[in-house]
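>>> what would the 3D arrangement of this be:
(one chain, ligands or ions: 1)
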Amino acid sequence: MCPVHVRRPEFDVGRSLLAGVLNVNRNENFGKLRAGYLFPEIARRRKAHQEKHPDAKIISLGIGDTTEPLPKYIADAMARAAAGLATREGYSGYGAEQGQGALREAVAATFYSGLRTADEIFISDGSKCDIARIQMMFGSKPTVAVQDPSYPVYVDTSVMMGMTGDHNGTGFDGIEYMVCNPDNAFFPDLSKVKRTDIIFFCSPNNPTGAAATRAQLTELVNFARRNGSILVYDAAYALYISNPDCPKTIYEIPGAEEVAIETCSFSKYAGFTGVRLGWTVVPKALKYSDGTPVHNDWNRVMTTCFNGASNIVQAGGLACLQPEGLKEMYDMITFYKENARILKDTFTEMGFKVYGGNDAPYIWVGFPGKPSWDVFAEILERCNIVTTPGSGFGPAGEGFVRASAFGSRENILEAVRRFKEAYGNK
Ligand code: MLT
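So this is what the prediction gives:
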């Protein structure tokens, strides 16, 4: 018998098709989000400014997008892998969803020697995508804490998943905002933080550039352990750390393997923002309350929702971790860190309160009492420079702007000249 299509009385199919109106409810969580995602919104404002001032030579210190060409040894490895795909012997199709064994081994040896094993490392197309997939794994029920300010992906994906209430004019109901500001040296007062199921923590922090010390991370891990919370530790900028007192991975802290997932990326190390390669570490000792290893569920997510990072790109990742590639990667980081120093010195000399920049490619400049979107607009108007308004990273970012150190030296020096001209006598 043919299935009978029951016509819903309140819905006129013919009228709907003509009008182009679906009979599908929108995911109500998307209605809670405020404006668009931060960086496309900034790009939109930049475009509008360019249209208004067609001759303006705009410099972007906004989104943290790398600008320097790929290092040669690393690019050559990808070129060889691409050429190999055109041969019968070199061709490969689907790879392991978790990543190539050699690359997982190399990541484990290079970044987690003695701390984590290769089978706990999952290679991916980047940390941002992994954060979204991690949220999918958690589902809509867990409660969430974030540093305030922090990388907007943690909050926005929590909202999309339905983990939060509505925006209350300051932040989202249900999210625990852990305020990080100059008064607490950008480390939250955990005695005032409510217990949540998940804690997102980024060190060195995007956007403040603050790197947490060993003592602070020990406090954080102990807090997570006491509360039985999962720490999602974003270490995407770890290699920018100079301070020997600041760990480069959360697994340097004893006991972290029972509470922490760590995510990291080649984007800001090797100029892979467009190439796309990252990884997430899920220790086997991390277990849900019913004893299920989180590792099992993460493996299920990756095998179901991901088909493995590009084989060409993984060849590039492997090259990054050979002695020649490592040198090229560290040279690139040193270059951007010098940019950060130049920017930080400039704002400091002009009398601003400036944070970050020593252990991160971001500097965090205070404009006390001024709404940060207004400061963003003023800098764009007066200097033709794009920054990122602090409030885009959370309520505690109000009164700050972030300047990214990713740029050619020529652009950074030109930006410095323009900043001095506009704000030198503030
Ligand atoms: C940023 O500017 O915060 C980053 O580039 C964004 C990202 O890594 O996705």
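>>> would you map the helices across this structure?
13-19, 28-32, 38-52, 72-84, 101-111, 127-138, 152-161, 214-227, 267-270, 294-305, 311-320, 323-349, 372-383, 409-423 (DSSP state H).
>>> got a list of contacts for the fifth one?
By CB atoms under 8 Å, 6 or more residues apart in numbering, the list of residues contacting helix 101-111 from outside reads 98, 116-123, 238, 248-249, 264, 279, 314, 317-318, 321, 326. C-beta coordinates here come from the backbone N, C-alpha and C atoms, glycine included.
>>> from those, list the buried ones, please.
Listed as buried from the contacts of helix 101-111 are 98, 116, 118, 120-123, 238, 248-249, 264, 279, 314, 317-318, 321, 326; burial here means 16 or more other CB atoms under 10 Å.
>>> mean neighbour count, the helices of the chain: which tops it?
Neighbour counts (mean count of other CB atoms under 10 Å) averaged over each of the helices of the chain peak at helix 267-270, with a mean of 24.
>>> what helices and strands are in contact with that helix?
For helix 267-270, the packing partners by 3 or more CB pairs under 8 Å, 6 or more residues apart in numbering; DSSP states H and E come out as helix 311-320, helix 323-349.
>>> show me what from the stretch 151-300 of the chain comes close to the ligand.
Within the stretch 151-300 of the chain, the positions near the ligand by CB under 6 Å from any ligand atom are Tyr151, Asn206.
>>> and the residue of the stretch 151-300 of the chain that's closest to the ligand?
The ligand sits closest to Asn206 of the stretch 151-300 of the chain, with a gap of 5.0 Å, by CB to the nearest ligand atom.
>>> burial count for that residue?
26 (other CB atoms under 10 Å).
>>> likewise the one 3 residues further on?
If you count neighbours by other CB under 10 Å, Gly209 ends up with 26.
>>> leaving out chain neighbours, which residue sits closest to it?
Excluding the flanking residues, the one nearest Gly209 by CB to CB, 6 or more residues apart in numbering is Gly356, at 1.8 Å.
>>> so what's that neighbour up against?
Contacts of Gly356 (CB under 8 Å, 6+ apart): Pro204, Asn205, Pro207, Thr208, Gly209, Ala210, Ala340, Lys344, Tyr362, Ile363, Trp364.
>>> narrow these to those that are buried.
Buried among these (16+ other CB under 10 Å): Pro204, Asn205, Pro207, Thr208, Gly209, Ala210, Ala340, Lys344, Tyr362, Ile363, Trp364.
>>> the last one contacts Ala405, correct?
Yep, that's Trp364 we're talking about. No. Here Trp364 does not reach Ala405: they are 11.6 Å apart, not a contact under CB atoms under 8 Å.
>>> for the nearest residue to Asp297 once chain neighbours are set aside, give me the pLDDT.
Ranked by CB to CB, 6+ apart and with sequence neighbours excluded, the top spatial neighbour of Asp297 is Met137, at 5.5 Å. Met137 carries a pLDDT value of 98.
>>> before we move on, what about Val4?
Reading off the model, Val4 has pLDDT 45.
>>> same thing with Gly36?
80.
>>> give the rounded mean pLDDT of stretch 214-231.
On average, stretch 214-231 scores 98.
>>> that should have said stretch 101-109, apologies.
For stretch 101-109, the mean confidence score works out to 98.
>>> for that stretch, list the C-alpha coordinates in CSV.
Extracted in CSV, the C-alpha atoms of stretch 101-109 (Å, rounded to 0.1, in the frame of the first residue of the first chain):
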residue,chain,number,x,y,z
GLY,A,101,50.6,6.7,12.2
ALA,A,102,53.9,8.4,11.4
LEU,A,103,52.4,11.8,12.1
ARG,A,104,50.7,10.7,15.3
GLU,A,105,54.1,9.3,16.5
ALA,A,106,55.9,12.5,15.5
VAL,A,107,53.4,14.7,17.3
ALA,A,108,53.7,12.5,20.4
ALA,A,109,57.5,12.5,20.3
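>>> and the residue of the chain found nearest the ligand, how many neighbours does it have?
With CB to the nearest ligand atom, the shortest gap between the chain and the ligand falls at Gly64, namely 3.2 Å. For Gly64, the neighbour count with other CB under 10 Å is 23.
>>> give me the phi and psi angles of it.
phi -80, psi 70 (degrees, to the nearest 10).
>>> and the residue of the stretch 151-300 of the chain closest to the ligand, what does it touch?
Asn206 touches Gly64, Ser150, Tyr151, Asp234, Ala236, Tyr237, Ala360, Tyr362, Phe393, counting by CB under 8 Å, 6+ apart.
>>> which secondary element of the chain has the worst mean pLDDT?
helix 13-19 (a mean of 58; mean pLDDT, DSSP states H and E).
>>> what's the farthest-apart pair in the buried ones among the contacts of Gly356?
Asn205 and Lys344 (15.3 Å; CB to CB).
>>> got the contact list for the residue nearest to Asp297?
Val294, Asp297, Trp298, Val301.
>>> dump the helices and strands packed on helix 267-270 to TSV, plus distance to the ligand and mean pLDDT.
Listed next are those as TSV, based on distance: least, CB to the nearest ligand atom, whole Å; pLDDT from 0 to 100:
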stretch	distance to the ligand	mean pLDDT
helix 311-320	17	98
helix 323-349	12	98
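>>> redo those helices as TSV? Include distance to Leu22.
Formatted as TSV, those follow (distance: least, CB to CB, whole Å):
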stretch	distance to Leu22
helix 311-320	37
helix 323-349	46
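>>> for those helices, which one sits closest to Arg409?
helix 323-349 (7.0 Å).
>>> so which of the contacts of Gly356 are in strands?
Residues of the contacts of Gly356 located in strands (DSSP state E): Tyr362, Ile363, Trp364.
>>> mind showing which ranges of the chain have poor pLDDT?
Scanning the chain for pLDDT under 70 picks out the ranges 1-18, 426.
>>> the domain parsing of it - what is it?
Domain ranges of the chain: 36-68+325-423, 72-322, per automatic domain parsing.
>>> which of the ones you listed sits closest to Asn29?
Closest of the domains of the chain to Asn29 is domain 72-322, at 4.8 Å (criterion: CB to CB).
>>> out of the contacts of Asn206, which end up buried?
Gly64, Ser150, Tyr151, Asp234, Ala236, Tyr237, Ala360, Tyr362, Phe393.
>>> thanks a lot, see you next time.
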